[in-house]
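what follows is a predicted structure for the sequence shown.
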Amino acid sequence: MSTKSNPVITLKGAHTAIAAAEARAKEIGVPMNIAVLDSACHLVAFSRMDGAKITSINIAIDKAFTAAGHRAPTSVYKEAVWPGGPAFSIWNSNGGRFLTIAGGVPIMQDGVVVGAIGCSTGTPSQDEDVAKKGVEAVEKTLKPRMKL
């Protein structure tokens, strides 16, 4: 019997993502809550910058949860979640953790989701901008996996 394992983000990778996201948040002047989850939606690392909104802690975590678990940025749901839309009320799924606000972005390696980053405190576009900087930084460090 053979098993196949999927890659997951490491703590070092999570710290790389957080450092880049924090740097971008400082550039735009918006302190953030930044969460990195693995591909199984478990928290790997978290940062609450000085001045980040306390009420945004769980939002950042749940944005990463949504991006990792659904393997898509949370921003893709913007048009689909309005009343009458194909994904209306999806936010009620997964115990209310499914977030459709921009700021959650998956981290990919060889086309496979290895984790996700979620950012919250700013506007949705600021949150997504900061999250993307974290993703870009960590994806640069990931090496292609050997095919078995």
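Right, received. Where do you want to start? Not measured: the values here are computed from a predicted model.

center of this protein, which residue is that?
For the chain, the residue lying nearest the average C-alpha position, counting by Cα atoms, centre = their mean, turns out to be residue 117 (2.4 Å).

would you state the helices of the chain in chain order?
11-28, 57-70, 124-141 (DSSP state H).

packing partners of the last one?
Here helix 124-141 touches helix 11-28, strand 33-38, strand 104-109, strand 112-120, going by 3 or more Cβ pairs under 8 Å, 6 or more residues apart in numbering; DSSP states H and E. Every residue, glycine included, has its C-beta placed from N, CA and C.

which one, of those, ends up nearest to residue 136?
For the helices and strands packed on helix 124-141, distance to residue 136 was read as Cβ to Cβ. The smallest value, 7.0 Å, belongs to helix 11-28.

buried set for the closest one?
Neighbour-count burial for helix 11-28 flags 13, 14, 16, 17, 18, 19, 20, 21, 22, 24, 25 (criterion: 16 or more other Cβ atoms under 10 Å).

just list the residues touching the fifth one, thanks.
Shown here is residue 18, whose contacts under the criterion Cβ atoms under 8 Å, 6 or more residues apart in numbering are 34, 36, 45, 47, 117, 134.

pretty sure residue 69 sits against residue 62.
No. Counting by Cβ atoms under 8 Å, residue 62 is not a contact partner of residue 69; they are 10.1 Å apart.

those two: who's more crowded?
The neighbour comparison of residue 69 against residue 62 (other Cβ atoms under 10 Å) goes to residue 62, with 26 against 20.

any figure for the gap between that one and residue 84?
Per Cβ to Cβ, to the nearest Å, residue 62 is found 24 Å from residue 84.

low pLDDT regions in this protein?
1-4, 145-148 (pLDDT under 70).
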